[in-house]
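J.: just the structure for this:
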Amino acid sequence: MTCPVCGHLSRYHPQRARQALFCTHCRSLIWRSSLIPHALLLPLTLTALIALALACYSPVMMIQAYGMHNALSLWQTVNAVVDHGDMPLLALCVTVLLVSAPFMQLFLLLRVLLLLHGNHHAADVAFTIKALRWVRPWCMADVAILGFVVSAVKLSSQFAVEAGPGGWALVTAVGLSIVLANQHPHRYWLRLSPANTGSLT
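T.: Have a look, this model is predicted:
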């Protein structure tokens, strides 16, 4: 394994899969075992996708004032910015960072897991992992949670504000996405059979 800090190569020992590995040159952490079994990654990814879809179309925050009810979903928030034609760049950023990138990250992870399950060539897995690493920094769904929380706190002094089913779905999706994104890519390589790694040579 290559150290991401100094580039030093370290030998990986399968018998230490449940431990943390440090670079022998600079002592930086290059591998830490996960408490999540590999068999649970696919169900958790599907759960995160379903939860994120629910957050897009179910009320994340519900406001009640003077006998009137108003519900706001994640997609309605994005549409509100898009409909405001004075800021097209902001609308594009909001759409990509809050909806498109999180969905793409989960779909790419789902593809990696399905490729491993289908015993595909390592080149396909490598390309998908590279795409996943490129998309990951652009996922800002957790920022949406902070935005809804700040809005709820400010509006709660004047109106009755409560979290909707989409809000809990968004929290679930973001939490699972963070856990799944923190899985070390090397654990996927360990699932490749030696016969399929020849496409990289």
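
J.: tell me the mean pLDDT for stretch 7-22?
T.: The average pLDDT within stretch 7-22 is 62.

J.: span of it from start to end?
T.: By C-alpha to C-alpha, to the nearest Å, the extent of stretch 7-22 from end to end equals 12 Å.

J.: again, but for stretch 86-106
T.: With C-alpha to C-alpha as the measure, what separates the two termini of stretch 86-106 is 31 Å.

J.: ok, then the element right after the helix or strand bottoming out on mean pLDDT in the chain?
T.: For the chain, using mean pLDDT, DSSP states H and E, the weakest element among its helices and strands is strand 29-32, scoring a mean of 68. Using DSSP states H and E, the helix or strand that directly follows strand 29-32 along the chain is helix 41-57.

J.: for the record, mean pLDDT for whatever helix or strand comes next after that next one?
T.: Counting by DSSP H and E, the next helix or strand C-terminal to helix 41-57 is strand 61-65. Throughout strand 61-65, pLDDT has a mean value of 82.

J.: for stretch 158-168, same thing?
T.: Mean predicted lDDT for stretch 158-168 stands at 85.

J.: counting neighbours, which bits of it end up buried?
T.: 161, 163-164, 166-167 (16 or more other C-beta atoms under 10 Å). Every residue, glycine included, has its C-beta placed from N, CA and C.

J.: again, but for stretch 101-117
T.: 101-106, 108-113, 115-116.

J.: between the helix or strand where residue 112 lies and helix 41-57, how many degrees?
T.: Using DSSP H and E, the element containing residue 112 is helix 101-117. Going by axes from the mean of the first three to the mean of the last three C-alpha atoms, to 10 degrees, helix 101-117 is angled at 160 degrees with respect to helix 41-57.

J.: show me what the next helix or strand after helix 101-117 is packed against.
T.: Scanning forward in sequence from helix 101-117 by DSSP H and E, the next helix or strand is helix 122-135. Other helices and strands packing on helix 122-135, by 3 or more C-beta pairs under 8 Å, 6 or more residues apart in numbering; DSSP states H and E, are helix 101-117, helix 186-189.
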